[in-house]
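Colleague: Got a sequence here, can you build the structure:
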Amino acid sequence: MLGRRRRDRHEQELAELDAFRHVRRAADEDVTRFGEELATLHLETLASPLDDDVRADYQRALDAYEDAKAALGRAGTTAEITGVTRTLADGRFSRGACSPRSPARDGPSVVRPASSTRRTARRPVTLRGHPRAA
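Modeller: So this is what the prediction gives:
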């Protein structure tokens with residue numbers, strides 16, 4: 001009876017480890033993809049001078065990329081990898097804010113991810129130009 005419990009527990013631990021490896025691999029690919037998106041954005045931004053707001057958004061996107069890479073390297077649980085994906089979502093929001101802006105648009109037409117509300121009771125920030133903003 002005791003041997004069976006150990007075997008079951010060992011099998012469960014192996015299954016959890018396998019699931020973690022799959023999640024980690026997917027997160028690693030996502031971090032790499034975001035890095036490639038930032039490289040493309042860098043080439044796009046070379047064509048025109050950046051104002052202070054765009055430069056700040058670009059820096060936030062770069063910082064999010066570096067933070068995600070570092071957090072992924074330290075991650076040992078799926079919960080820690082969830083933090084990596086939140087960081088990437090925030091970085092992608094900032095990257096979107098850097099995209100070439102037209103006179104009709106002052107920023108990304110998206111709602112800031114809920115993770116960037118710093119886990120407070122506040123609602124996500126809706127930016128000007130969002131189709132649902134009234």
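
Colleague: Find me the pLDDT at the most centrally placed residue in the chain, would you?
Modeller: Against the mean C-alpha coordinate of the chain, by Cα atoms, centre = their mean, the closest residue is Leu88 at 1.0 Å. pLDDT recorded at Leu88 is 96.

Colleague: Kindly report the same for Asp8.
Modeller: Looking at Asp8, its pLDDT is 85.

Colleague: for Glu80, same thing?
Modeller: In the prediction, the pLDDT value recorded for Glu80 is 90.

Colleague: does it really touch Ala71, like I thought?
Modeller: Yes - with contact defined as Cβ atoms under 8 Å, Glu80 reaches Ala71; the gap is 6.8 Å. (Each C-beta comes from the backbone N, C-alpha and C, glycine too.)

Colleague: Between those two, point out the one with more neighbours.
Modeller: Ala71 (19 against 15; other Cβ atoms under 10 Å).
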